[in-house]
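>>> The sequence and its predicted three-dimensional model are supplied below.
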Amino acid sequence: MEAEKIISIDTKHYKENISRRNLAEKIFNVILLISVLFGLLMLTVLIIDIAVGGIAWVRPELFENYHSRKPENAGMKSAIAGSIIVILLTGLFSFPVGVGAAIYLEEYAPKNRLTDFINLNINNLAGVPSIVYGMLGLVVFGRMFGLFSKDSWFVNLFNIPIESGATGGWKFFLFDIPWLEIHLPFGRSMVAGALTMSLLILPIVIIASREAIRAVPPSIREGGYALGTTKWHVIGTLVLPIAFPGILTGMILSLSRAIGETAPLIIMGAFTYVPFLPKTVWDQFTVIPIQIYNWITLPQPEYRVHLAAAGILVLLVILFLMNGIAIYLRKKFEIKW
Amino acid sequence: MLRKNIVSLLLVLVISSLILAACSGSNATPAPSQPESNQSEPTEATISEPASSSELAILEGDVIVDGSSTVFPVTTAVAEEFALVAPNVRVSVGLSGTGGGFKVFCVGETDISDASRPIKDSEIEVCQSNGIEYVEFLVALDGLTVMVNPENDWLNEISAEQLAALLGASSTITKWSDLDPSYPEEEILFFIPDPDSGTRDYMTEVVEGVSGDEDLRQDENTTFSSDDNVLLDGIANEKYAFGFFGYAYYINNKDSVKAVPVVNGDGNAVLPSDETVQNGTYNPLSRPLFIYVNQNSLQTKPQVVEFVRFFFGPDGGPAIMSDVGYSMPPTGSYEANLGLLAGSIQ
């Protein structure tokens, strides 16, 4: 009897408690759901808005033609080609440098003030406005401080043959290999654009790669050392393969950021109207965001409502594809413990 | 297994880079490798005589244009037509703005500079110090259009004095009734191009000519934008709005805004149109648009000469001007331009 009573009181108390906790649980769930839905809703509204305006204008002409004064003929063939080539080059330039820097900082760099200083600055660089990189790119890659302009001290000192004019400078074949053509300075070319973009994404690539390398359990490295291998051997055969999916993901997400950038490329000297496909990486170029920006500023509503929206759709599809590749690669190279 | 994957991935990367580089090589013209052989240097005959259509068809080379976003539609439309007769000439046009365009033009980085105002003395100095000579061509006229909301039924014309009183930096007008007691006592919302714009520079000049104000107003009722479409939307949605921008934006959006006739030097209120802008009766708000061509490019690059010649021929500017929303300069200007071109390539 006595025991039963005690139990029944406890149960009552317990039941009150649990209903209150359940309520709190439900409220919190709803709040979380709303936060998820908010982002999704905004994205959906944006995509629907753009799709309504632009889907009918995603037509063969968009991929076959260049910009035209007649909206019905206008396309962005050269912008699509420019974006793809610039992004490929950016990946090519930033992957080795970024991953190399990350390996050094994580595995080799001594812990001292200099390293701390470098770490701090890499994090700072990730927050620098992109337009600043455009100015840097213009001076360093586009003009190379005027070293290769006619009658500069450098040109006179080494007697470098300089071509004058808008696409001039010093042109030669590296090691006399027929396809390894080099133009100095890089001018307003895709090489200059890709290098500018590489500067822009390097801090992010380095940070992402370091995170991936740091996530490799120390026991793996120690296992390697226990077998008597060298440091580089451990890094090359154990650390990097395990960190590789993370590095790749960071790389592709950085490139996704780069493909949407407009300001640094405009400052660097990318063109807006380019009615031809590039023949070499030294050619003039434009990219999709610049083309979209240009269309938005034109007076005719067909450009700013429909064609700009169609351009955004193409850009979004390319972005989703790149992110899809990132997920696929991560899954493919992922190591299950 | 995993290592193999990575190696193959790296291999793909390397191979794709080689292919990319190889692509670039296979199509490259041989010229770039030998800087000393001046392949682009023309003979006297090809440059001073207009090229025949078959000569145009095989003409090659780059024409690098940069500058004003206002002139951009004209240059690109002409380039589009030019590509039909000279498919191998590659005309690239940038959008750096008039000032930005001159910055690169005066160091010799472009062949042609688009400008929505004449070159400034400070820019001339930079050109001279770099040994850049140039030729100025008048290519079109743009009628700055004064704009109000379609529901605005009180402002039926505006004089240069009223413009200066409304827009000058020293303006004390905040309500429509300040301009004329018979107008509604409502705050005016101003929509004005921002300081990077040549459109604004031109209006500033007009205001300065009337009242001596060296800048336009700047207060909480004034919205600045470099995008004419933002100004357009503002004026279309605010009943008490006032603003101005290029004629091309007006004719493409005639239903959403109302143009105000401007009282010209002869005392007549004139609406902007192709005709009134071209014959000069729409003043003082008609502004000239220019291209500046590098003299050295004219002498060494036949493709630049042909492009400029095409610009002022019957299939160039005159064929596209109404499409892009500007007016042809006064009759005879293009003939004069062709004469100027012939003179500068001799």
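Great, that's in hand.

>>> State the distance from the residue nearest to B:Glu161 when sequence neighbours are not counted to chain A.
Excluding the flanking residues, the one nearest B:Glu161 by C-beta to C-beta, 6 or more residues apart in numbering or on different chains is B:Val210, at 5.9 Å. Every C-beta, even on glycine, is put in place using the N, C-alpha and C of the backbone. Distance, B:Val210 to chain A, using C-beta to the nearest C-beta, to the nearest Å: 28 Å.

>>> Confirm that B:Val210 lies within a helix, as I assumed.
Yes - in this structure, B:Val210 lies within a helix as judged by DSSP: H, G, I helix; E, B strand; the rest coil.

>>> Hmm, B:Ala160 and it touching each other?
Yes - taking C-beta atoms under 8 Å as the definition, B:Val210 is a contact partner of B:Ala160 at 5.2 Å.

>>> Now do B:Pro329 against chain A, distance only.
From B:Pro329 across to chain A, the span is 19 Å (C-beta to the nearest C-beta).

>>> Let me see the contact set for the residue nearest the centre of chain B.
The centre of chain B sits closest to B:Val71, judged by C-alpha atoms, centre = their mean, with a distance of 1.7 Å. Going by C-beta atoms under 8 Å, 6 or more residues apart in numbering or on different chains, B:Val71 touches B:Asp114, B:Ala115, B:Ser116, B:Val139, B:Ala140, B:Leu289, B:Phe290, B:Ile291.

>>> Next step: these restricted to strands.
The members of those that map onto strands under DSSP state E are B:Asp114, B:Ala115, B:Val139, B:Ala140, B:Leu289, B:Phe290, B:Ile291.

>>> Let me know whether the fifth one touches B:Thr70 as I believe.
The one in question is B:Leu289. Yes - B:Leu289 is in contact with B:Thr70 according to C-beta under 8 Å; the separation is 6.3 Å.

>>> Touching both of those two, which residues are there?
Common neighbours of B:Leu289 and B:Thr70 (C-beta under 8 Å, 6+ apart) are B:Asp114, B:Ser116, B:Asp142.

>>> from chain A, which residue is nearest to chain B?
A:Trp179 (2.7 Å; C-beta to the nearest C-beta).

>>> quick check, distance from stretch A:264-278 to the centre of its chain.
Distance, stretch centre to chain centre, for stretch A:264-278: 19 Å (C-alpha atoms, centre = their mean, to the nearest Å).

>>> Check stretch B:318-332 too.
Using C-alpha atoms, centre = their mean, the offset of stretch B:318-332 from its chain centre is 13 Å.

>>> which parts of the stretch 151-300 of chain B sit against chain A?
B:227-229, B:246, B:248-249, B:251-253, B:294, B:296-297, B:300 (C-beta under 8 Å from any C-beta of the partner chain).

>>> Just the ones of these in strands?
Among those, the members found in strands (DSSP E) are B:Asn294.

>>> Quick one: name the residues of the stretch 51-200 of chain A near chain B.
Checking the stretch 51-200 of chain A against chain B by C-beta under 8 Å from any C-beta, the hits are A:66-70, A:85, A:88-89, A:92, A:95, A:149, A:161-167, A:170-173, A:178-181, A:183, A:187-188.

>>> Can you pull the domain assignment for the chain?
Assuming you mean chain A. A:1-57, A:60-143+A:185-333 (automatic domain parsing).

>>> The intended chain is chain B.
Annotated domains of chain B cover B:49-141+B:288-344, B:145-284 [automatic domain parsing].

>>> out of those, deepest packed?
Per residue and on average, the most neighbours among these fall to domain B:49-141+B:288-344, with a mean of 20 (mean count of other C-beta atoms under 10 Å in any protein chain shown).

>>> Look up how far chain A lies from the closest residue to B:Gln295 other than its chain neighbours.
Nearest non-adjacent residue to B:Gln295, counting by C-beta to C-beta, 6+ apart: B:Glu133, 3.8 Å away. Distance of B:Glu133 to chain A, computed by C-beta to the nearest C-beta: 13 Å.

>>> per-residue confidence at B:Glu133?
Here the pLDDT value assigned to B:Glu133 is 91.

>>> Contacts only, for it.
B:Glu133 sits in contact with B:Cys127, B:Asn294, B:Gln295, B:Asn296, where contact means C-beta under 8 Å, 6+ apart.

>>> any idea how far the last one is from B:Val304?
The one in question is B:Asn296. 10 Å (C-beta to C-beta, to the nearest Å).

>>> likewise the third one?
Applying C-beta to C-beta, the value for B:Gln295 to B:Val304 is 10 Å.

>>> Show me how far stretch A:244-253 is from its chain's centre.
11 Å.

>>> Contacts for it next, please.
So stretch A:244-253 is contacted by A:91, A:94-95, A:98-99, A:102, A:204-205, A:207-209, A:211-213, A:215, A:240, A:322-323, A:325-327, A:329-334, B:6 (C-beta under 8 Å, 6+ apart).
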